[in-house]
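Q: I would like the atomic coordinates for the input below:
(chains A, B and C)
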Amino acid sequence: MARIELNEIKHSYLPNPSDEQDFALKRIHTVWEDGGAYALLGPSGCGKTTMLNIISGLLKPSHGSILYDGTDVSAMQPEQRNIAQVFQFPVLYDTMTVYDNLAFPLRNRGVDKQSIRERVREIAEALDLTQDLNKRAANLSADAKQKISLGRGLVRSDVAAILFDEPLTVIDPHLKWDLRRKLKEIHTKFNLTMIYVTHDQVEAMTFADKIVVMYEGEIVQMGTPQELFENPEHTFVGYFIGSPGMNFLDCTLDGYIARVGSIDVPLLPSMTNRCTGQSLKLGIRPMYVGLHDGPVEHGIEGAVLGVEDQGFCKIVTATFNGSEIKARVNENGAVPEGKCWISLPPDKIKLYCDERLVRQGDSQ
Amino acid sequence: MNKWRDNKAWFLVLPVFVIVAFSAIIPLMTVVNYSVQDIFGPGQRYFVGVEWFRDVLLDERLHDALFKQLAFSFMVLLTEIPLGIAIALMMPKKGWTASACLVILALPLLIPWNVIGTIWIIFTRPDIGLFGAIVNNAGIAFDHTASPVDAWITLMLMEIWHWTPLVALLAYAGLRAIPEAYYQAAKIDGASSWAVFRYIQLPKMRGVLTIALLLRFMDSFLIYAEPFVLTGGGPGNTTTFLSIYLVKIAVGQFDLGPAAAFSLIYFLIILLFCWLFYQALQAVGTGDKA
Amino acid sequence: MRLKKRHLGLIAYLIILFLPIYWMLNMSFRTNADIMRSFSLIPTHPTLINYMKIFTDPSWYSGYINSIIYVTINTVISLTTALPAAYAFSRYQFIGDKHIFFWLLTNRMAPPAVFLLPFFQLYSTFNLIDTHIAVALSHCLFNVPLAVWILEGFMSGVPKEIDETAFIDGYSFPRFFIRVFIPLIRAGIGVTAFFCFMFSWVELLLARTLTTTAAKPIAATMTRTVSATGLDWGLLAAAGILTIVPGALVIWFVRNHLAKGFALGRV
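A: All right, here's what the predicted structure looks like:
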């Protein structure tokens, strides 16, 4: 159990970094609460593995500090930090049996035989590995091996947090669900802080209570899946979460009217002149885009380009005045042929100034 | 990988097959031919069946050479393999120091085998050689031309000096193939360096180590040039290994029949060991599952 | 760079490894008279006379040229024949594939001594004695299987999907092989060429037996001088050092490919 604080962490792999580009992590300043299940979500190369390795101690941050329950552990080695890490592919001692694999961390710490036996059996049972204890670890299936990797972390009773680096990568698709469920079970049972790195939003959403989205070395948003969906604070979050992601249209602002090319899109009055930055984008989720076969008030005339039938809904790509937009229609809903009218309800439109969300009631 | 089934692939293999067949099968047939004949001169040959084989198998000097050969190969392997592994463990992982090490390590492997012999003749002579001078100044009378023990020691030193780099290079390749995650997990598990060696590095190297074992055994078993240049098989017969003996019979005495029979037996022994090692290699796997 | 205990061990080993070579280097810069007269760790009166003799005497330098010629021929033949064969072993299943592969490996294990006489007679029949091609071909006995073995290992690291994609894209097999496949296995080709060069360069028995004067390799020229008494040690040492030079140059140039090949985990 541990509350992990990251204070002004910056990290560069180069010995003498000169500008922003040289930093893998630009600025991380955040708290991971004790016992939380977090997902660290982001595209390849955004710095997730770097962050994870800093938390576990495999990497020492070039700037900043990290605290466990208020104690500065920045200089501490991984084995002193009471964390466990599960990697992308199963990492085992393949000459040993499952039992010996699980017992290994305890034996290295000089725990007595009886305690080892009890603890290994307890963990094996929690992970459904009891029947495999005497088998050679090398001969088991990939998901069993990942469970053993996890088990080696759990077996230490002082373990405070478990870090997962895309652990389901080599697991067969039909076994992923089982393993995810097992991870959630373990979390509930042992009440550990768990941080799960992934680039798959579905995995993140099913595993975590809170999702931390990373993009280009920074945390762009931390929140529940609901919050991320409803209020993406960064265009990347809007784009990444949801399938398909949010629509984004470049625009300019005149009072509270957004201008997309030559089309006026009225926003809520509270948005008047809220942006003084370089770029302005209008964001709206496909499910809120209205599609009509006849003119409507404030409707934009456009044409239907294509329809994707996804079973429970249809994704319609429409175009107007040179811009493309996606709309979500119920499976039984009618889709206009050719010409259509697009309505964008002002209360569902989000404004992004320099990629960041413009909040209601914020002053700029 | 799931391979495509197609017998037309034989065409791709054909050039190799032709070359190796030309180099191997035809000469072998010649050898088989000679091994069952008694040849007195051109045009005068008599079929003698398995007589040569019987003679060769009963030849005491052959047994002697075989025994020396096995002893030599065994002692050499016992030293080279652990030493090579130790060196691979000490070598840097990357950077210019790694390249520099690789270059120096590879040097002995690129020296023509007779030059190796020459180097060691010079090196161990008490009058002009560094090693010889040091040893003699320390009071030990060391002369590989006179004493069989000294001859063996020199040969062993030369062989180990020459070929340990190959084992080291192979072991190094095996080590580099181990993903960093294993070392990271071991760190988190609190494993000692010995545990890391025993449970991670050694198992993962078993593929390359078996190859190294196979190569070194085979090559030491058919060694010719280095010992021949250094000792000529002497003093007396004490360092006459199998290849040296064979060449003596074939070229020196020009007994084609017995030489041919001997050749076949020699080859068969090697094939047997080769097959055994190959099976072992398949069974042990390459260490990169799991 | 902190000097840890294990670095010391490594440095000690590397020094010991280099010592005999250094000693040859030492002798090569001294005259024979100087060598016999006094023992010294560094040449006190260094001279280039031994090297001069080798560079000006055709019977010496032709040896080097001969060696380089047949080694190059051998490497080229080995590579060009092994590439398609290794591809076949990597991608295809065909009748007898495992057996052929094993048979190839056994040739690598063949004692050259066994092939001495048969080769001599075989090449005599074709009037190829004392030609570079004869030595090059004879070395194919062990180099071609080795080349196939190493290349197959590297090729198996390239997923078959790449081939399939190229064929779907309309590449003919030769074009795919040259433009797509070979660049992918560059490191493997480097490693293979290195080993072919190495094993052919160092082999003495066959090279000496199959040549008399025109194609005689340097190694044989040296052994010729070893048998008499009153050896010129300086000359011998210089000749020896010069045999190491091509090899050292080759490693120097491919060292990065070697390191990369090792990093890929395939030798």
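
Q: got phi/psi on the residue of the stretch 1-150 of chain A found nearest chain C?
A: Nearest residue of the stretch 1-150 of chain A to chain C: A:Pro15, at 13.9 Å (C-beta to the nearest C-beta). All C-beta atoms are positioned from the backbone trio N, CA, C, and that covers glycine. Backbone torsions for A:Pro15, taken as degrees, to the nearest 10, come to phi -70, psi -30.

Q: now do the helices in chain A.
A: Taking DSSP state H to define them, one finds helices in chain A at A:48-56, A:98-108, A:113-126, A:142-154, A:173-190, A:201-207, A:225-230, A:235-240.

Q: can you redo those helices as TSV with mean neighbour count, distance to chain B and mean pLDDT?
A: TSV is the format used below for the helices of chain A (neighbours: other C-beta atoms under 10 Å in any protein chain shown; distance: least, C-beta to the nearest C-beta, whole Å; pLDDT from 0 to 100):
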stretch	mean neighbour count	distance to chain B	mean pLDDT
helix A:48-56	23	7	88
helix A:98-108	22	4	91
helix A:113-126	15	14	90
helix A:142-154	23	6	88
helix A:173-190	15	17	85
helix A:201-207	19	20	85
helix A:225-230	16	29	88
helix A:235-240	22	26	88
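
Q: out of these, nearest to B:Ile134?
A: Closest to B:Ile134 of the helices of chain A is helix A:98-108 (C-beta to C-beta; 45.5 Å).

Q: follow-up on the earlier one: pLDDT score for the residue of the stretch 1-150 of chain A closest to chain C?
A: Among the per-residue scores, A:Pro15 shows a pLDDT of 79.

Q: then A:Asn82?
A: A:Asn82 is given a pLDDT of 82.

Q: please tell me how far it sits from B:Asn136.
A: Distance of A:Asn82 to B:Asn136, given as C-beta to C-beta, to the nearest Å: 62 Å.

Q: pLDDT weak spots in the stretch 151-290 of chain B?
A: B:253-254, B:284-290 (pLDDT under 70).

Q: now do the helices in it.
A: Using DSSP state H, counting those that start in this stretch, the helices of the stretch 151-290 of chain B run over B:180-188, B:193-196, B:202-204, B:206-221, B:225-231, B:242-247, B:256-284.

Q: could those helices be laid out in TSV, adding distance to chain A?
A: Below are these laid out as TSV (distance: least, C-beta to the nearest C-beta, whole Å):
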stretch	distance to chain A
helix B:180-188	4
helix B:193-196	7
helix B:202-204	5
helix B:206-221	10
helix B:225-231	37
helix B:242-247	37
helix B:256-284	12
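
Q: list the contacts for the residue sitting nearest the centre point of chain A?
A: Residue closest to the average C-alpha location in chain A (C-alpha atoms, centre = their mean): A:Leu41, at 2.2 Å. For A:Leu41, the contact set (C-beta atoms under 8 Å, 6 or more residues apart in numbering or on different chains) comprises A:Lys48, A:Thr198, A:His199, A:Gln201, A:Ala204, A:Ile211, A:Val212, A:Val213, A:Met214, A:Phe240.

Q: was I right about the first one contacting A:Val213?
A: No - with contact defined as C-beta atoms under 8 Å, A:Lys48 does not reach A:Val213; the gap is 10.0 Å.

Q: who touches both of the two?
A: Common neighbours of A:Lys48 and A:Val213 (C-beta under 8 Å, 6+ apart) are A:Leu41, A:Gly42.

Q: could you point out where the stretch 201-350 of chain A is predicted with low confidence?
A: For the stretch 201-350 of chain A, applying pLDDT under 70 flags the ranges A:273-274.

Q: any idea how far the residue lying farthest from the centre of chain B is from A:Tyr38?
A: Distance from the centre of chain B peaks at B:Ile188, with 40.9 Å (C-alpha atoms, centre = their mean). Relative to A:Tyr38, B:Ile188 is positioned 19 Å away (C-beta to C-beta).

Q: and the average pLDDT for stretch B:97-109 is what?
A: Across stretch B:97-109, pLDDT averages out at 86.

Q: give me the residues contacting it.
A: Here stretch B:97-109 makes contact (C-beta under 8 Å, 6+ apart) with B:87, B:91-92, B:116, B:161-163, B:165-166, B:168-169, B:172, C:1, C:10, C:14, C:17-18, C:21, C:198, C:202, C:244, C:247-248, C:251-252, C:255-256, C:258-259, C:262.

Q: run the last query once more with 7 Å
A: B:91-92, B:161-162, B:165-166, B:168-169, C:14, C:17-18, C:21, C:198, C:244, C:248, C:251-252, C:255-256, C:258-259 (C-beta atoms under 7 Å, 6 or more residues apart in numbering or on different chains).

Q: ditto for stretch A:86-94
A: With contact meaning C-beta under 7 Å, 6+ apart, stretch A:86-94 is reached by A:101, A:104, A:137-138, A:142, A:145-146, A:148-150, A:153, A:162, A:164-167, A:169-170, B:181-182, B:185, B:199-200, B:203, B:290.
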